[in-house]
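A.B. asks: No letters, just coordinates:
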């Protein structure tokens with residue numbers, strides 16, 4: 001397969017090259033955070049991308065590797081409590097989290113837009129046992145049912161993750177997704193996602209990597225309360241500041257930035273639901 005045999009991706013899906021390159025090659029820059037992704041290097045090669053354009057943006061490479069580690073840790077902790085859990089990756093891109101979290105019992109659903117699913121089918125191995133690949137658009141209000149998620153709140157809790165997605169969604173779509181999770185999810189379920197603060201909205205052209213695509217940042221919280229406002233059952237379980245360990249400047253400035261803006265510059269948030 002050659003690069004020319006692959007169809008061009010639209011604006012937001014095209015950003016999947018950034019985390020793919022970070023997972024494939026970022027360990028050369030940050031060995032302590034190496035993803036050990038057994039699929040990323042081949043996928044990057046099949047896309048005709050040597051990754052060097054993206055590696056020049058060291059901050060983004062660090063951010064991807066750091067957030068990936070946090071998603072893995074949260075998923076692994078959830079699966080340890082609920083071994084037969086349903087884990088769903090909303091906007092999976094070309095990531096393959098099953099390689100890091102599989103316990104031999106869980107059920108994994110990877111979901112993304114049709115064009116990404118088509119690409120994934122061409123350059124990644126077929127889904128494994130207990131894994132399914134689903135075409136999904138979070139703008140569709142019936143996304144919960146399309147994923148086969150619990151029809152009633154008394155079912156087993158589920159784990160939903162969304163990496164590198166929420167910052168590209170319209171505010172109304174984010175509110176709909178959070179409200180649906182709050183309304184439909186069994187108690188104890190988790191939705192974890194990463195997003196930059198409100199100051200990034202409309203400024204994707206200034207981002208060293210995303211600025212090379214046609215994607216735009218459309219949403220970021222102004223207050224932590226924005227995350228739980230869409231539904232009364234939502235609770236903010238945790239938020240992890242992604243860039244804290246990048247250098248001493250980030251460690252020193254993160255608390256100051258949060259005081260000035262109301263939220264972290266860039267964080268992985270974990271929401272749960274309570275009855």
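C.D. replies: In hand now; what should we look at? Values in this document were obtained by computation on a predicted structure and should not be read as measured data.
A.B. asks: Spell out which residues sit in contact with residue 136, please.
C.D. replies: With contact taken as CB atoms under 8 Å, 6 or more residues apart in numbering, residue 136 is in contact with 90, 111, 112, 113, 143, 146, 147. C-beta coordinates here come from the backbone N, C-alpha and C atoms, glycine included.
A.B. asks: wait, what's in contact with the second one?
C.D. replies: Residue 111 makes contacts with 88, 89, 90, 91, 92, 133, 134, 135, 136, 147, as judged by CB under 8 Å, 6+ apart.
A.B. asks: Quick check on the last one: phi, psi?
C.D. replies: The main-chain torsion angles of residue 147 are listed as degrees, to the nearest 10 and equal phi -90, psi 0.
A.B. asks: ok, now the second one?
C.D. replies: In terms of degrees, to the nearest 10, the main-chain angles of residue 89 are phi -110, psi 100.
A.B. asks: Apart from its neighbours in sequence, what residue is nearest it?
C.D. replies: Leaving aside its sequence neighbours, residue 89 sits nearest to residue 110 (CB to CB, 6 or more residues apart in numbering; 4.9 Å).
A.B. asks: wait, is residue 128 part of a strand?
C.D. replies: No: under DSSP: H, G, I helix; E, B strand; the rest coil, residue 128 sits outside any strand and is assigned coil.
A.B. asks: Excluding chain neighbours, what is closest to residue 28?
C.D. replies: Using CB to CB, 6+ apart, the nearest residue to residue 28 is residue 55, at 7.8 Å.
A.B. asks: sorry, that was for residue 60
C.D. replies: Residue 60 sits nearest to residue 209 (CB to CB, 6+ apart), 4.7 Å away.
A.B. asks: correct me, but the residue nearest to residue 28 touches residue 27?
C.D. replies: No: using CB atoms under 8 Å as the test, residue 55 is too far from residue 27 to be in contact (10.9 Å).
A.B. asks: Next, please give the residue ranges for the helices of the stretch 1-150 of the chain.
C.D. replies: 11-14, 17-25, 40-46, 52-55, 58-81, 98-101, 114-123, 143-146 (DSSP state H, counting those that start in this stretch).
A.B. asks: Of the ones you listed, which stretch is the most buried?
C.D. replies: Comparing those by mean neighbour count (mean count of other CB atoms under 10 Å), helix 17-25 ranks first with a mean of 25.
A.B. asks: got the contact list for it?
C.D. replies: 35, 37, 40-41, 43-44, 47, 49, 51, 53-55, 57, 60-61, 64-65, 68, 93-95, 163-164, 209-210.
A.B. asks: Starting from the worst-scoring helix or strand of the chain on mean pLDDT, tell me the next helix or strand along the chain.
C.D. replies: The weakest-scoring helix or strand in the chain, judged by mean pLDDT, DSSP states H and E, is helix 248-261 (a mean of 81). Following helix 248-261 in sequence order, the next helix or strand is strand 266-273 (DSSP states H and E).
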